[in-house]
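Participant: below is the sequence, then the predicted model.
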Amino acid sequence: MAIILPWVVKHDMTKAQYEVEFDRLSNRGGYALKDICGYQIGDQAHYAAIWEQRAGPEWWSLHAIPYGRYRDEYFNRTAMGFRPVRLNGYNVAGQVFFATIWEKRSGPEVWSRHEIPESELRAQFDEREKAGYRLVDISGYSAPDFRGAQFAMIMEKATDGRHWGWISPRVREEYQKAFEKVLVEGYRPVRVSGFLHSGAQPPYYTAVLEKNAACHVEARHGITSRMHQHEVEHLNRTNRQIFVGGFTSHYGGGRDATPGFCPVWRRCEDGVIIPHLVDVFMKKFDVPGLSLAIAHQGGLVYAQGFGLADKDTGEKVTPSSLFRIASVSKPITAVAIMRLMGEGRLQLSDAVFGAAGILGTTHGRQPYGAGVESVTIQNLLEHTAGPGWSNERPDPMYEHPELNQEDLISWVLNERPLNNADGVGAEYKYSNFGYCLLGRVIETITGQRYDAYVRQNILAACGVTGMHLAGNTRADRRAGEVTYYDQNGGDPYGIPVTRMDAHGGWLGNAVDLMRFAVRVDGFGSEPDILNSASIRVMTTPSTAKNANGYAKGWHVNSATGTWIHLGMLEGTTAVLARTRHGMCWAALMNTRKSDSGDRGSLDKNTDVGIDKLMWDIHDQVDVWRDMQDL
């Protein structure tokens, strides 16, 4: 087994030392801050922190927010779309400060307070718990001028069924008794906060608990700096440290303060935690079958099938099971376009229609509607041709299934004006039809059928030989292909999937998608089939209104270096992702659930849900098996 995602743990840093490390690791080294806490040594503030070279959402942190300024920071950050994930209060010479980490991501509703008096703690906790919230983080600290104890808390709506709990504040001996009791009940600490009540001995302790039999956990409370360093050197060889828990354990008259630590280590192995997370997900969404594959720096670290490929026959999903990959086809088409551009056979600025266009005037009636002859390859790649060709109205790719692609294009040109009041390229509107046109561009430039060119020049170059265009009907199923089940009343075998080729028609397995991803990821661990300039162009986000990071065939988060594409068709959900630190993944399943009125809901949409599942796997797996060649 190998722990493949590196991390750095530092403690007893002065403010200046912490800022140097923050700049070295976070600003220049690509490490994300995962834990931060402050405490007093002597008469000065010191800090402990954990950084990980692990992908994730955009984040923000500040380590010394004055007591009176935290509320303003809270409202500023929430207004920018961030949510708190770590909130540590600490007292230095009678003055309170907060160290905090925020992440820009969606998720359950969050409730947070930073100055709860001890007398109100239990009532606040009970009220939030009754309203359906679970405790995420808690920090006890001596109040300003040591006037009692106060608490900072983060809670979020409990939506994922995890069992959790807490140990309310108590002195060491009573905390130890409570700790031993919850261990027997299957709970393990994920946060342990030590603090001094009014600055006086003895320290008190409180903890956030989770019930997770899939992971081994080690925790300590109230240990010295020297013991913490010893445990770091010993446990960090085989476990991932997820929490430091530094606090002022003795004020020593104000100038001789000493620290204590309440660290937590965890060891979640891929072969245990992934089946657990997948099982919870599949039950939540009533998923018949699911397959996933994960790669790191060009090597396969996990591939597994779960559940049933066919509910009637009982056939099980395996890593080689074939699934319709829906809009995960778009990155494949985008790579094909970039390949042609790299060969000098195509340019982003090339017009698609008209006398000077690649497809000429062979489709539809002349003259073309407003803006049609201005549509370029770049507009199609970035979904900026115009609202009239988007999916907001009845998707053109679902209209007139009896028409072939050429006739469908003529029908759209005749009947669906672009309706782009601000001009072509001004606004992002997701368009399957635009990628259908890109397929025809590839055919015109190469003289080959779209699928033949892609199989021979893109997929084969990635070592992929088993991907094909999907068939439309149940009789068209290939050997090893799953059966599809739609939860929205759609008919998976009543849609023109083959006609959707370049935007949603490919059939493949999760391992083959990894073979594709690691040859276009820009890392060089496996030779890329595109040059670096083409990859840079492909992953440069559009500047159009509402593009929200969509580049050319990928949704790109420039702040985190993540590329991703989701896909859904009747009976199908898929995701393909590449992260900054060399990890890629794909997940495919043979069902779809979608709520058009609440498309962002984690509970109502399988595409949003499967995306979160893969990030949960990424975040929670600490130990991966040795890599295998792809």
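Facilitator: Sure thing, it's come through.

Participant: gap between residue 294 and residue 607?
Facilitator: Using Cβ to Cβ, to the nearest Å, one gets 18 Å for the distance from residue 294 to residue 607. For every residue, glycine as well, the C-beta is placed using N, CA and C.

Participant: what do you get for residue 67?
Facilitator: Counting by Cβ to Cβ, the gap from residue 67 to residue 607 is 43 Å.

Participant: ok, residue 424 next?
Facilitator: Residue 424 is 28 Å from residue 607, by Cβ to Cβ.

Participant: re earlier: which one of residue 294 and residue 607 has more residues nearby?
Facilitator: Using other Cβ atoms under 10 Å, the more surrounded residue of residue 294 and residue 607 is residue 294, with 24 against 20.

Participant: with just CA atoms, put the strand or helix carrying the more buried one into PDB.
Facilitator: If you go by DSSP states H and E, residue 294 is part of strand 289-296. Included here for strand 289-296 are C-alpha records, laid out as PDB according to Å, rounded to 0.1, in the frame of the first residue of the first chain:
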ATOM      1  CA  GLY A 289     -25.000  -0.500 -11.200                       C
ATOM      2  CA  LEU A 290     -22.000   1.800 -11.100                       C
ATOM      3  CA  SER A 291     -18.400   1.600 -12.300                       C
ATOM      4  CA  LEU A 292     -15.500   3.800 -11.400                       C
ATOM      5  CA  ALA A 293     -11.800   4.200 -12.100                       C
ATOM      6  CA  ILE A 294      -9.200   6.500 -10.600                       C
ATOM      7  CA  ALA A 295      -5.700   7.300 -11.800                       C
ATOM      8  CA  HIS A 296      -2.800   9.200 -10.300                       C
END
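
Participant: so what strands line up beside it?
Facilitator: Sheet pairing of strand 289-296 (DSSP bridges) gives strand 299-307 (antiparallel), strand 583-589 (antiparallel).

Participant: out of those strands, deepest packed?
Facilitator: Compared across those, strand 583-589 shows the largest average neighbour count, a mean of 27 (mean count of other Cβ atoms under 10 Å).

Participant: quick one: which of the strands paired with strand 289-296 is nearest residue 336?
Facilitator: strand 583-589 (18.4 Å; Cβ to Cβ).

Participant: contact partners of the closest one?
Facilitator: 55, 287-296, 323, 325, 328, 509-510, 513-514, 517-518, 521, 572-578, 606, 610, 613-614, 617-618 (Cβ atoms under 8 Å, 6 or more residues apart in numbering).

Participant: same thing with stretch 157-167?
Facilitator: So stretch 157-167 is contacted by 108-110, 125, 132-135, 138, 175, 178-179, 182, 186-187, 189, 205-212, 280, 284, 602-603 (Cβ under 8 Å, 6+ apart).

Participant: let's see which of the residues you listed end up in helices.
Facilitator: Among the contacts of stretch 157-167, the members falling in helices are 125, 175, 178, 179, 182, 280, 284 (criterion: DSSP state H).

Participant: now the buried members of these.
Facilitator: 125, 175, 178, 179, 182, 284 (16 or more other Cβ atoms under 10 Å).

Participant: which SS class is the residue in the chain sticking out farthest from the centre?
Facilitator: Distance from the C-alpha centroid of the chain, by Cα atoms, centre = their mean, peaks at residue 253 (47.2 Å). Following DSSP: H, G, I helix; E, B strand; the rest coil, the label given to residue 253 is helix.

Participant: and what of residue 336?
Facilitator: Applying three-state DSSP: residue 336 is helix.

Participant: renumber starting at 45 from here on
Facilitator: In the new numbering, first residue 45, that becomes residue 380.

Participant: now do the contacts for the closest residue to residue 266 other than its chain neighbours.
Facilitator: Spatial nearest neighbour of residue 266, excluding adjacent residues (Cβ to Cβ, 6 or more residues apart in numbering): residue 304 at 4.9 Å. Going by Cβ under 8 Å, 6+ apart, residue 304 touches 238, 247, 266, 267, 268, 290, 291, 292, 293, 294.

Participant: show me where pLDDT drops low in the stretch 95-244 of the chain?
Facilitator: Scanning the stretch 95-244 of the chain for pLDDT under 70 picks out nothing.

Participant: can you pull out the helices in it?
Facilitator: Under the criterion DSSP state H, counting those that start in this stretch, the stretch 95-244 of the chain contains helices at 114-123, 162-174, 216-228.

Participant: buried set for the second one?
Facilitator: This points to helix 162-174. 162, 165, 168, 169, 172, 173.

Participant: export those to JSON lines and append columns for distance to residue 473.
Facilitator: Formatted as JSON lines, these follow (distance: Cβ to Cβ, whole Å):
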{"residue": "162", "distance to residue 473": "54"}
{"residue": "165", "distance to residue 473": "50"}
{"residue": "168", "distance to residue 473": "45"}
{"residue": "169", "distance to residue 473": "46"}
{"residue": "172", "distance to residue 473": "41"}
{"residue": "173", "distance to residue 473": "43"}
